[in-house]
Structure formats: C-alpha cells, structure tokens
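Trainee: Next input, structure requested:
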Amino acid sequence: MSGSLWLRVPGGDTLPTLPRPRHTGPGDPGPAGDPMEELADRLGPFIAAAVHPDEIAAILESDGMTDEHIRLTYGRHDSFGLAEELYARVPRAFPEPEHVPDPWKVSLTACLLRGVIFALPGLAYVLGAPLLEGPQDRLGLPAGTLTLLAGALIGWVWDQTLSHRAYSWMGLGDRAAAGRTLLVGAPAGALLGMAAALTVPGGPPFSYAFAAGQALYVGAATVLLVLGRERVLLAALAPMAAGSLLALFTDPPLPVRVGLLLVSLLAACTLAVRELPLAEGVRAGVRRIRGWAGHRPGEGPVRWRMLRGAEEEYGPRGPRIGDSVPYGVFGLGTGLLVLYAALGEVLAGGPAEAVAAPSAVALTLSMGPAEWLLHRFRSGSLAGLRAARSPRQFWLRMLGTLGRCLAAYLAVLLLLGLVGTLLWPGAPGLTVVRVATLLLLGAVMWTGLLLQSFGAVRPAAVVCASAAVAQSLALLLGLGQPRLVQLVVAGAAAAALGTLVCLLLGRATAHR
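Mentor: Down below sits the predicted model:
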C-alpha cells in the first residue's frame, strides 16, 4: 500500500480517480457536520461496489490516510475499523461491467469448414470401391471393411492423443515443441494404423494398400489441422473429391481412380511435411544419439539432479504424456459407439442392408456445428457469470444456455440424418428407434466434448469407454436385440454425461 491505486498512465486515464475532499471557500457553508457522512458521500461509488471491507481499507490507504489522521478526524482506531463502518453504512450497489469483447466468438464458417474436412475423406471409399470388390467377409460386410475399420480406429485413437499433446505445447507458447511432437508422433501413428490393418486377414489385396494410404492421410491431416491449415488440407482433398463426384455419374477407369487418390494423398503428405521442422528434428535426433554414445557413467561434473530434493522434478517442464491418454480413450469410446451405430446390426448377424452409413456420416458432418456451439456455450456461460447475482441464478442460466446449445446441435444432427438417409442409395429408413439412438448418441458426443473442453476429460472418457465396452459385450455374448441395446447404452451414457455436466459446470469456478 505504498502508492496510490489510481495511477495516471501516460496517454490517458485507465483507472478511476478518487474524488478529492471539498475545500471550504468564502461562499461554501462548510463540510458536513459528520466527517463520516462527508467521507461516505465522497467515496460512495467505491464503497458500494466493494465486496469486503478490506477493499475499502485499501482505497483509504491509497488515498494517503494514515492511522493518526483517521483517529483525529473520524475517531476510529485505524483504516480497517473505518472501512468496516463505511461498509456497513453504504448499501451495496455493484455497477454493470463495461462492454468487453467476447473471447469465445469464433467464425461459423471456419467451424463448418472443419466439419466438411472431417467428412470429405469418406468420398475416397466411393472412388476406390471398384478396387475393393470381392466376396463378403464372414460377417456379411463388403470385402475389406474390417481391414479398413481396424486401421482407421487405431489411427483415430493415436491421433486424438497426439493432437492433445501438440495443442498442449502450443498452449504453453512453444510451437516448435508442438512441431517436434507432430514430427515424431504422426509417422508413428501411421505405422500403427498400417500394422492394425495388416492384422486383419482375408481382405482383398488392394484393401491393405488402401489402409496404408488411409493411415498416411490421417497422420498428415492431424498435422495440418493442429497447425491450423484447414484450407490447405481442403485444397489437397479437392482432386479426390472431384473424382468421387464424377464417379457418381460416370465410371472412370481404374488408373484414373488410383491416380486421383494418390494425388490427394501425396499432396496432403507433402503439405504436412512442409509444416514440420524436419531439419531441426534431424539435428536434434543426431545430437541426442551423440549424447547417448558419448556418455560414460561416473565421468563429468556432478549432475544437477543430485543436488535437488528427491521430490523435485529435474526433467524439462512440459505437458505430461499421461494427460493426453484420456483423450485417446475418449476417441476410442466415441469411435466404437459410432461404429456400432452404423454396423451394429450387421455385426450381430443382421443383413448387409442394415448398414446405417448415413448415421455415421451425419455424426461426422455435425462436428463442425458442434464445435461452434461449444464456443457459444462458453460465451453464454461467461455472460451468465456477469449477469448472475447468486450461485443458483448462475446455475439456472447455465442450464438454459446448455439446453439451447444442445437442442440446436440435435436439430442439426437430425436434419443431416434425414437428408443422408434420403440421398443414400439403399439406406435403411429412420425409424423411431433409429432416430432416438442417433439423437442420444449425438448428445453423448456433444456433452463429452463439452466436458473435454473444460478439462474434465477423464470422467467423459470413462463414460464413453464404459458404454463402448457394454455394447461390445452385448454383441459378443448375443445379449438383446441390437437396436434396443444401442438405444439403452446410448441413453445411459447420455444421462451420465448430462449429470456430470450439471454437477461440474454448474459451479462458477469451472468457468474461469
């Protein structure tokens, strides 16, 4: 409290100034009879806005009032005693905050673009369908389906984990470390996806080549999306997308199909490599290998780690790898739930015509609007913090914002599901059970992403993974009718995640 709180900053005032005491002049009747009344009138707005007497004591001390002056003028022992009396004397009147820009405002176009990019690679299966022809597998699925699904699922889980770790480095302001993480992690994820595809026997020969290209694309797309190069990735996908649309009306020859797929794949990989610190990564790897080769135990100066306590960290500070694992588990759980929504009946022994591909496509396309609505929820909760006057009032405002955002997302998802079902040749109709399952699954994904955005990824991952395990067990053991099992599992998961959202996000401290 050695200086005034209300400093005059060069270039203009940025903080309010305290009104000075009135001076008695020849025509002035003089100050109020009670000095306390004069002080309360002079500092009224500041006293009324205080939430604790200590705030008023700080204002008094910053105004230059000493304890001796307070005892002589106001008859109180010190600034804290005077502040308590002023706090009790002046009613509370909190001013409305000035208009501030919304930090959670994002472009709807950018979010929709990301949703399109998530779904656009699915057109590659349309372009490569003639190359995957063959007898149906033992589950009645088209040839090569299990091979491609295994590689895609493993690659998806890995890249969810990798993306979080790279984003964590970027959140710490270390974009170079994020680039190095992607430089090592993206190729490793591609190799894992290829290995997972090769473990599934019985697919047509081209399915393994297609799965390898799929794994490479997922790694390249992860790099470009994390680094904010969505438009570049869209340009790389343009040849494949154009060829897929052409294949819907004509029958391009096989060399053209393969060429278009390779052009888009090579473009995505080349653009991703350009974004990565390849030369720096090679130099760092060489330095590390030389360090390992030249290190001899017992030689050299005493290591710093020996001079520190056992409880202290001596490694380089940064995000822990374990913090990224729940994001991969969450991706695995949601990926399996979407897979079962599309293929659950077929995997349970139903006809191949029961494949509900439009539901999976609708869920993928809806991720763009879902991302935008997540930002709208954060914006609405921030407005609720400013407007609420009690914890209960904030909780009710949060529930209202949650209901509006979730209802908007489910409406978009339902519209996408209806349009996809009408346009998809031979797609099964959207019955009441299918619609309910689709909406409940959408609620699971959106509320899970909401918890994830607030850092509560572990409970979201546990719920989604548990739902996926429950549905897998029901499928393996032949328990219940597949559609009803999906409905019950999705409903239970949605209820659990909804409860977690109300409990965890209903506190104002969660929205800091």
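Trainee: residues touching residue 253, list them.
Mentor: Under the criterion of CB atoms under 8 Å, 6 or more residues apart in numbering, residue 253 has no contact partners. (Glycine included, C-beta is placed from N, CA and C.)
Trainee: what's the answer for residue 190, then?
Mentor: Per CB under 8 Å, 6+ apart, neighbours of residue 190: 155, 215, 216, 218, 219.
Trainee: Identify the residue spatially nearest to the fourth one, adjacent ones excluded.
Mentor: Computed as CB to CB, 6 or more residues apart in numbering, the closest residue to residue 218 that is not its neighbour in sequence is residue 155, at 4.3 Å.
Trainee: so the one you found touches residue 197, yeah?
Mentor: No - shown here, residue 155 and residue 197 do not form a contact pair, counting by CB atoms under 8 Å, at 9.1 Å.
Trainee: what do these two both touch?
Mentor: Each of 214, 215 lies in contact with both residue 155 and residue 197 under the rule CB under 8 Å, 6+ apart.
Trainee: Off-centre distance for the helix or strand containing the residue nearest to residue 218?
Mentor: Assigned by DSSP states H and E, residue 155 belongs to helix 145-171. Relative to its chain's centre, helix 145-171 lies at 14 Å (CA atoms, centre = their mean, to the nearest Å).
Trainee: Could I get the average pLDDT for it?
Mentor: Mean per-residue pLDDT for helix 145-171: 89.
Trainee: which helices and strands sit right next to it?
Mentor: Counting contacts by 3 or more CB pairs under 8 Å, 6 or more residues apart in numbering; DSSP states H and E, helix 145-171 packs against helix 175-198, helix 205-226, helix 325-347.
Trainee: Would you mind giving the ones you listed as TSV with distance to residue 166 added?
Mentor: Converted to TSV, the helices and strands packed on helix 145-171 look like this (distance: least, CB to CB, whole Å):
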stretch	distance to residue 166
helix 175-198	4
helix 205-226	5
helix 325-347	11
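Trainee: which stretch among those comes nearest residue 381?
Mentor: With CB to CB, the closest approach to residue 381 among the helices and strands packed on helix 145-171 belongs to helix 325-347: 21.5 Å.
Trainee: In terms of secondary structure, what does that closest one contact?
Mentor: Right, helix 325-347 is packed against helix 145-171, helix 357-365, helix 432-453, helix 457-477, helix 482-504 by 3+ CB pairs under 8 Å, 6+ apart.
Trainee: Could you pull out the buried residues of the helix holding residue 155?
Mentor: For helix 145-171, the buried set under the neighbour-count rule, 16 or more other CB atoms under 10 Å, comprises 145-170.
Trainee: With stretch 475-492 instead?
Mentor: For stretch 475-492, the buried set under the neighbour-count rule, 16+ other CB under 10 Å, comprises 475, 482, 483, 485, 486, 487, 488, 489, 490, 491, 492.
Trainee: Roughly how far does the closest residue to the last one other than its chain neighbours sit from residue 156?
Mentor: Read that as residue 492. Leaving aside its chain neighbours, residue 492 sits nearest to residue 467 (7.0 Å; criterion: CB to CB, 6+ apart). According to CB to CB, to the nearest Å, residue 467 and residue 156 sit 17 Å apart.
Trainee: Which two among the contacts of residue 190 are spaced furthest apart?
Mentor: The most distant members of these, if one measures by CB to CB, are 155 and 216, lying 9.5 Å apart.
Trainee: Test my guess that residue 133 contacts residue 203.
Mentor: No - with contacts counted by CB under 8 Å, residue 133 stays clear of residue 203, the gap being 11.7 Å.
Trainee: Can you pull the residues that touch both of these two?
Mentor: Jointly contacting residue 133 and residue 203 under the rule CB under 8 Å, 6+ apart are residue 143.
Trainee: In terms of neighbours, single out the busier of the two.
Mentor: Using other CB atoms under 10 Å, the more surrounded residue of residue 133 and residue 203 is residue 203, with 22 against 11.
Trainee: right, and that one touches residue 142 too?
Mentor: No - Residue 203 lies out of contact with residue 142 (CB under 8 Å); the separation is 10.3 Å.
Trainee: which residues does the residue nearest to residue 492 contact?
Mentor: Residue 467 sits next to 333, 337, 444, 489, 490, 492, 493 when contact means CB under 8 Å, 6+ apart.
Trainee: I'd like the residues you listed as JSON lines, with pLDDT appended.
Mentor: Formatted as JSON lines, these follow (pLDDT from 0 to 100):
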{"residue": "333", "pLDDT": "92"}
{"residue": "337", "pLDDT": "90"}
{"residue": "444", "pLDDT": "95"}
{"residue": "489", "pLDDT": "93"}
{"residue": "490", "pLDDT": "93"}
{"residue": "492", "pLDDT": "95"}
{"residue": "493", "pLDDT": "95"}
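Trainee: would you list these in CSV and tack on distance to residue 187?
Mentor: Below are those laid out as CSV (distance: CB to CB, whole Å):
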residue, distance to residue 187
333, 25
337, 28
444, 32
489, 35
490, 35
492, 39
493, 34
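Trainee: which pair in these spans the largest distance?
Mentor: The span of the contacts of residue 467, defined through CB to CB, is set by 333 and 492 at 13.2 Å.
Trainee: just checking, what packs against the helix ranked longest in the chain?
Mentor: Assignment by DSSP state H gives helix 391-423 as the longest helix of the chain. On a contact count with 3+ CB pairs under 8 Å, 6+ apart, helix 391-423 meets helix 357-365, helix 367-387, helix 432-453.
Trainee: relative to helix 357-365, how tilted is that helix?
Mentor: In terms of direction (axes from the mean of the first three to the mean of the last three CA atoms, to 10 degrees), helix 391-423 departs from helix 357-365 by 140 degrees.
Trainee: mean confidence score for stretch 207-222?
Mentor: Rounded mean pLDDT across stretch 207-222 is 91.
Trainee: Going by neighbour count, which residues of it are buried?
Mentor: If you call a residue buried by 16+ other CB under 10 Å, then stretch 207-222 has these buried ones: 207-208, 210-222.
Trainee: just the residues you listed now: which is nearest residue 65?
Mentor: Once CB to CB is applied, the member of the buried residues of stretch 207-222 that ends up nearest residue 65 is residue 222, at 60.8 Å.
Trainee: Distance of the residue positioned nearest the centre of the chain relative to residue 371?
Mentor: By CA atoms, centre = their mean, the mean C-alpha position of the chain lies nearest to residue 453, the distance being 4.2 Å. The gap separating residue 453 from residue 371 is 9 Å, by CB to CB.
Trainee: next one: residue 49
Mentor: The gap separating residue 49 from residue 371 is 37 Å, by CB to CB.
Trainee: More neighbours: the two, which one.
Mentor: Ranked by neighbour count (other CB under 10 Å), residue 49 and residue 371 place residue 371 first, with 21 against 14.
Trainee: neighbours around the residue lying closest to the more buried one once chain neighbours are set aside, how many?
Mentor: Leaving aside its chain neighbours, residue 371 sits nearest to residue 111 (4.6 Å; criterion: CB to CB, 6+ apart). Applying other CB under 10 Å, we find 19 residues neighbouring residue 111.
Trainee: following the helix or strand harbouring residue 111, which helix or strand comes up?
Mentor: Element membership for residue 111, per DSSP H and E: helix 108-119. Downstream of helix 108-119, the first helix or strand assigned by DSSP H and E is helix 123-127.
Trainee: What lies in contact with that next one?
Mentor: The contact list for helix 123-127 (CB under 8 Å, 6+ apart) reads 132, 148, 214, 240-241, 243-245, 247-248, 257, 260-261, 264.
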